[in-house]
Each structure stands twice: as structure tokens, then as C-alpha cells.
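>>> Give the three-dimensional model of this entry:
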Amino acid sequence: MTQHNLTVEKFTRYQTFVLVSLAVLQFMVMLDFMIISPIGHILTRDLAISTNQFGLIVSSYIFSAAASGIVSAGFIDKYDRKKVLCFFFSGFIIGTLFCAFSNSFISLLYARILTGIFGGVIGSVIMTIISDLFAPNQRGRAMSSIQMSFAAAQILGIPLGVFITDRLGWQYTFFLIVLLSVLVLGVLLIKLNPIREHLNQKTDKNPILHLWHTVKNKEHRMGFSAAIILGMSMMLQPFVSIFLVNNIHLSNAQIPIIFMVTGASAFFIMPLVGRLSDKYDKFRIFLLGSLATIVIVPVYTHLPIVPLWVVLILNVVMFAVIMSRMGPFQALNSMIPQPANRGAYMSMSASLSQMSGGLGIVIAGSIVSQASPESPLENFDVLGYLAVALSAFAIYLVYRISKLIKKQSERG
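Next comes the predicted model:
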């Protein structure tokens, strides 16, 4: 692996502040999204809702977030990035507050839709701000740091949320998210500088035209295609715990250990991947992660009954190689659009990734099956082969993006 022509550039103090603030903000959004599943059994009991209704509550967030990202893409480049971020974060806080006050299936469903409309756009706005404030040879580390919020929500947020739910009630978990989010919003309003440089570049005045030109751009469509394929390739994740309990015969008490250890490993893995992405050719780092994914996924999906420590090692390795693709890809993906179109592009890219992820889960759900809730999960190996095929296709798409970025840099 040869060194890329970029040197690793240190973050300024202000960049570090921005990165920490945005990571904490993303942690709040991720926690709000992820906490629904582990407290689902309490929600269904307290609100007297069926499992089908609960599934609708979970999916409503995903689809409202995706729809909101597409609609907002035409407008998002017309305003100061700071104002856009604070607007959507304020809406997210209001939606989460409504979740805390919900007392029925309908009220919680509407609250989750509202939260998704605002919360689903925040991730793309954060990535856009990172792209505006961090040079290309800093973005691998910056974006990998933001992605660590997923691990933090898994390790710290979910256990804390479940603890509060058990002691005080599920409403107080949402109240805590609201309280902490208000504090983060206050810091951003006071300390975050306006981000307006993209406004100096000429763009379409009509939001619909701006969205249309973003979508029809051939280079943009290449990035969208890669985001869709990588989103779909995550189809294994929702079925991992069922596989480990019913096929590998781990106990329910051992599953949290698996996820906590795997999440903790991200605090070491993601910064390393980010630094390598900034020091070496980003596509090569993506390629190594993808090839390792192609090897480890079939091994994992064909596991026989093994001890807990074997599952821990394989789970950490699989998570590491799968996630090691995302930092380099996000860094490359952020280089495709011009700054004036970056907000619309990143919003569309995130929405397409969310929708394809949801579609991937639907497809996966139609492939795997169980004779009963206690019986082994069947066809999990088929999902592994499908994930491998998608990963191989993603290599080709990201290779083309890498070539495109090099041509853009040569043109200046």
C-alpha cells in the first residue's frame, strides 16, 4: 500500500470543538432512534399495542426521515449551515418531547414521524458541515469520529436508557434525551460560527430545479448508487441476535455482552481507520475492508455452536471490517459535489441509504424464516452470500468514484 500524496493535517482547536459537539449531537439522535427496540416490550405493554403496531412505529421513523431528506434537499443549500442544523435539531427535540408525552399508539406514531422528519436530516447536515470545515485529508478521521456516536449510543446510551426505563418509566428516557439535547443546542447556538461560504457560489434559485439538477448529475448518481448498495449490504444486522440465540445457543443475557464489547471496539477501530484513510489512498482502505468483509461474512453466517469468546472475536472482527468501509466511503462521497450543491447531495445520499437499508431489511425478512420463535433461523447463510455480492458490487462503484475524484483534482 503506497502512501497517498496527502499528509495528515492536525485539527485546529475550533475544529476539535465542532467535531466533539457534532458527535454528541449525533449521539442524541442515534440514541433516540435505537432506544425504541430495547424498550419495545415495555412500550407494547404500557400502551397496549400489538407487535405489528410496534413495527409500524419503528419503520415510521425510517421512512419519514428518508422522505424528509429528499424534500429538504432542494432547500438545504439556500441557508447558513448553522441555521439549518439548529432548525432541524430543534424540531427533533420537540418530536422527542412529544414521544415522552405519548399515551397511545396513534400519539406515539405521530411523534415518531415528527421526530423522523427532523432527526433523519441531521446526519446529512452534520456530514455536510464536516465537508465544509475539514480538508479532504482530515475528513477520514472526522467522519470516523462522528460514526463513533453509534458505538457510544450502543455502549452507554442504551444501557442507561433501559436502566431509566426500568426504574422510572419509558417516558423518562425521552425526557433525558430532550434535556441533554437542549444543552447541546445551547452550546451550538453560542459557540458554532455561521457557515455561509457555499452561499457565495451560484445555484438554482428554484428549490425544485436545484433538487432536479442534483439528481440528474451523472457524477452524483454514481455516488447515490454506491450509497444505495452499501445501505442494502447491512441487511444482516437485525437478525444477528436471533441467529446467536437460536442457532449458536447463546443465552439472552449474553447478547448485551456481545453488543457492548463490539461497540467498545469501535472506539479503537474507527479512529485508526480514519487516520489510515487520511494518510493513504481512501479507496485502498475501502478495498481492504470490503475484501475482509467478503471473507468474514460467510464464515460468520455458517457458524456452528461455539463458545461465547469465539462469537465475541468474530463479531468484533466482522463489525470492524464492515465499518472500516464507511469512513473512507463517506470521505470520498463528500468530495463528489461542489460546495454549493453539497447539502442537497449529502441529504439525498443519506435518504437513499436509509431507504435502501429499509428495503434490504424487508428483502432479508422474506429470505430468512423460523418454524417457531424458539426454532433455528433458516437461510441466514443466504443473507451472507447476498451481502457478499452487494459488497463486491460496491467495490466497483467506489472504484469509479475514486477515479472520478482523481480526475476532479487534476482539473483543479
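>>> so who does the residue lying closest to residue 400 once chain neighbours are set aside touch?
Spatially, and ignoring its direct neighbours in sequence, residue 400 is nearest to residue 222 (5.9 Å; CB to CB, 6 or more residues apart in numbering). Backbone N, C-alpha and C define where each C-beta goes, glycine included. Under the criterion of CB atoms under 8 Å, 6 or more residues apart in numbering, the neighbours of residue 222 are 336, 397, 400-401, 404.
>>> try it again with 7 Å
397, 400-401, 404 (CB atoms under 7 Å, 6 or more residues apart in numbering).
>>> can you check residue 276 too?
Residue 276 touches residue 285, counting by CB under 7 Å, 6+ apart.
>>> quick revisit: pLDDT at the residue nearest to residue 400, what is it?
Residue 222 carries a pLDDT score of 90 in this model.
>>> how much space is there between it and residue 42?
Remark: distance between residue 222 and residue 42 (CB to CB, to the nearest Å) = 44 Å.
>>> Residue 191: neighbouring residues, count only.
For residue 191, the count of nearby residues is 11 (other CB atoms under 10 Å).
>>> Let's verify the closest residue in space to it that isn't next to it in sequence: helix, strand, or coil?
Spatially, and ignoring its direct neighbours in sequence, residue 191 is nearest to residue 17 (6.6 Å; CB to CB, 6+ apart). Put simply, residue 17 is helix when judged by DSSP: H, G, I helix; E, B strand; the rest coil.
>>> okay, now residue 17: neighbour count?
Neighbours of residue 17 (other CB under 10 Å): 14.
>>> Would you mind measuring from it to residue 187?
From residue 17 to residue 187 the distance is 9 Å (CB to CB).
>>> How about residue 145?
In terms of CB to CB, residue 145 sits 17 Å off from residue 187.
>>> residue boundaries of the helices in the stretch 51-200 of the chain?
51-72, 81-101, 105-133, 139-152, 158-167, 170-191 (DSSP state H, counting those that start in this stretch).
>>> ok, and for the third one, which residues are buried?
Of the residues in helix 105-133, those scored as buried under the neighbour-count criterion (16 or more other CB atoms under 10 Å) are 105, 108-133.
>>> The stretch 201-350 of the chain: helices as residue ranges?
Under DSSP H, counting those that start in this stretch, the stretch 201-350 of the chain gives helices at 207-216, 218-232, 240-246, 255-279, 282-301, 308-323, 326-334, 342-367.
>>> Can you tell me which of the ones you listed is nearest to residue 383?
With CB to CB as the measure, helix 342-367 is the member of the helices of the stretch 201-350 of the chain nearest residue 383 (5.4 Å).
>>> Toward the C-terminus, what is the element adjacent to that closest one?
helix 380-411 (DSSP states H and E).
>>> Now find how far off-centre that next one is within its chain.
18 Å (CA atoms, centre = their mean, to the nearest Å).
>>> Determine the angle, from 0 to 180 degrees, between that helix and helix 218-232.
Comparing the axes of helix 380-411 and helix 218-232 via axes from the mean of the first three to the mean of the last three CA atoms, to 10 degrees yields an angle of 150 degrees.
>>> packing partners for helix 380-411?
helix 218-232, helix 282-301, helix 326-334, helix 342-367 (3 or more CB pairs under 7 Å, 6 or more residues apart in numbering; DSSP states H and E).
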